[in-house]
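Trainee: need a structure here:
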Amino acid sequence: MAIASSPWIVACAGLVVMVVLLIVALGAYRGRSPVDDRIPPVGLPLPRVPVEPSDVTQAPPSSGPSAPVVPGLSPRASGPPPSAPTVSPTPPVRPVVVPTSVRPSTQAPRPAPPQQSPAVTGRYRVVQSFDGGFIGEVLIVNASRVDRGWTVRIHFGRGRLVTSWVEGAPQGTARQFDGGFSYVSGVSVPAGGSVPLRFHMEWASSTPRGCTVDGVRCSGF
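Mentor: From the prediction side, this is the model:
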């Protein structure tokens, strides 16, 4: 009844309560620490874009362990590209082994046997010259150790044989041909000896084109 009769008492009490609440609120505000400006503001979440199943490329399953994926680097295949040509490996080169048992021969080459001199040789010369002809001679020498027979063949190219004979020995056989003649001994020349064969030629050069004794060329022209 007293409150109902005195309403100003209620108004004063409410005013006092509001002042006390205001003082408490000011004290609480001053006690808080200032907000750190270095803390970045919280970003708002980005909206998610739906991904169609067809846009995602599925990689074939790998039988071995997969290599770790580094951010910013695209994965690469470890094998050669399908279009690269296949290179066959080069076979290794085997060294050539030379047997040690084979050695070059150190023996000096054998000298060639000395060429043997012919057993019977002839030496040609002009004994006498005159108008229309000359007398020539072939001296047959036997350098061997046994008696040997012989055959003389002389070619002048032209001319005629008048006669032929052997000095101091049995005569042989003479055969004339065009521009020359041949003579076969009637007796062998003794070992280490010699016999002269002489002949008379007409209308022929005193230098023969060929002269042989047993196929060996005569000397002296």
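Trainee: need the strands for this protein, in chain order.
Mentor: 120-130, 133-142, 151-155, 160-166, 173-177, 180-184, 194-202, 210-213, 216-217 (DSSP state E).
Trainee: save those as a markdown table, and put in mean pLDDT too.
Mentor: Output for the strands of the chain, formatted as a markdown table (pLDDT from 0 to 100):
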| stretch | mean pLDDT |
| --- | --- |
| strand 120-130 | 96 |
| strand 133-142 | 97 |
| strand 151-155 | 97 |
| strand 160-166 | 96 |
| strand 173-177 | 95 |
| strand 180-184 | 97 |
| strand 194-202 | 96 |
| strand 210-213 | 97 |
| strand 216-217 | 96 |
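Trainee: quick check: which of these is nearest to Val17?
Mentor: The minimum distance between Val17 and the strands of the chain falls on strand 216-217, with 168.6 Å, by Cβ to Cβ. (Glycine included, C-beta is placed from N, CA and C.)
Trainee: elements contacting the closest one?
Mentor: strand 120-130 (3 or more Cβ pairs under 8 Å, 6 or more residues apart in numbering; DSSP states H and E).
Trainee: circling back to that earlier point, reformat the strands of the chain as JSON lines; add distance to Ile9.
Mentor: Shown next, in JSON lines, are the strands of the chain (distance: least, Cβ to Cβ, whole Å):
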{"stretch": "strand 120-130", "distance to Ile9": "186"}
{"stretch": "strand 133-142", "distance to Ile9": "190"}
{"stretch": "strand 151-155", "distance to Ile9": "188"}
{"stretch": "strand 160-166", "distance to Ile9": "199"}
{"stretch": "strand 173-177", "distance to Ile9": "193"}
{"stretch": "strand 180-184", "distance to Ile9": "192"}
{"stretch": "strand 194-202", "distance to Ile9": "195"}
{"stretch": "strand 210-213", "distance to Ile9": "185"}
{"stretch": "strand 216-217", "distance to Ile9": "182"}
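Trainee: and of these, who's closest to Arg94?
Mentor: strand 216-217 (61.1 Å).
Trainee: what count of nearby residues applies to Val216?
Mentor: Counted with other Cβ atoms under 10 Å, the neighbours of Val216 add up to 15.
Trainee: isn't it right next to Pro118, touching?
Mentor: Yes - if you go by Cβ atoms under 8 Å, Val216 and Pro118 touch, sitting 4.5 Å apart.
Trainee: so what's the residue count around the closest residue to Val146 other than its chain neighbours?
Mentor: Nearest non-adjacent residue to Val146, counting by Cβ to Cβ, 6 or more residues apart in numbering: Ala191, 5.4 Å away. A count of neighbours around Ala191, defined by other Cβ under 10 Å, yields 13.
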